[in-house]
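[1] Okay, structure incoming, though there's no sequence with it:
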């Protein structure tokens, strides 16, 4: 069984306390066993034209689509989504199975 990924790219609304939202996201993810791994980052290299206003990326990995489905209905995720969604100006979400092509060194 391969990994199932939840990839989120975000442009936050102006004036949003991004650090507080990220802390809340980290807390939410740490309380849900379905999440195999969680990574986040902020773009610091892309040209504005390429970035299209998006600044932050979040990647969650799950042990299959069933674990992802369970995550989506978890009360912690549902509650956090209510806080996260109003803070977003633009978002891209990709949910996909992946196969490892090259293992980390």
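    Arrived safely. Fair warning: this is a prediction, and the values are worked out from it, not measured in the lab. Residues are numbered from 1 along each chain as shown.
[2] Out of the helices and strands in the protein, which is least certain?
    helix 48-51 (a mean of 83; mean pLDDT, DSSP states H and E).
[3] buried stuff in it?
    Within helix 48-51, no residue qualifies as buried by neighbour count (16 or more other CB atoms under 10 Å). The way it works is simple: take the backbone N, C-alpha and C, and place the C-beta from them, glycine included.
[4] I'd like to know how many residues surround residue 27.
    Neighbours of residue 27 under the rule other CB atoms under 10 Å: 11.
[5] Residue 52 versus that one, what's the distance?
    Residue 27 sits 29 Å away from residue 52, taking CB to CB, to the nearest Å as the criterion.
[6] Then residue 31?
    32 Å.
[7] And residue 103, by the same measure?
    Distance of residue 103 to residue 52, given as CB to CB: 32 Å.
[8] Pretty sure residue 43 sits against residue 52.
    No. Counting by CB atoms under 8 Å, residue 43 stays clear of residue 52, with 10.5 Å between them.
[9] And the contacts of stretch 43-53?
    11, 54-57, 89-90 (CB atoms under 8 Å, 6 or more residues apart in numbering).
[10] end-to-end on that stretch?
    One end of stretch 43-53 sits 10 Å from the other (CA to CA, to the nearest Å).
[11] Which of the helices or strands spans residue 80?
    Residue 80 is part of helix 75-84 when elements are defined by DSSP states H and E.
[12] what's that helix packed up against?
    Packed against helix 75-84, as judged by 3 or more CB pairs under 8 Å, 6 or more residues apart in numbering; DSSP states H and E, are the following elements: helix 18-30.
[13] what angle separates the following helix or strand past the helix it packs on from helix 75-84?
    Next helix or strand after helix 18-30 toward the C-terminus (DSSP H and E): strand 35-42. For strand 35-42 against helix 75-84, the angle by axes from the mean of the first three to the mean of the last three CA atoms, to 10 degrees is 20 degrees.
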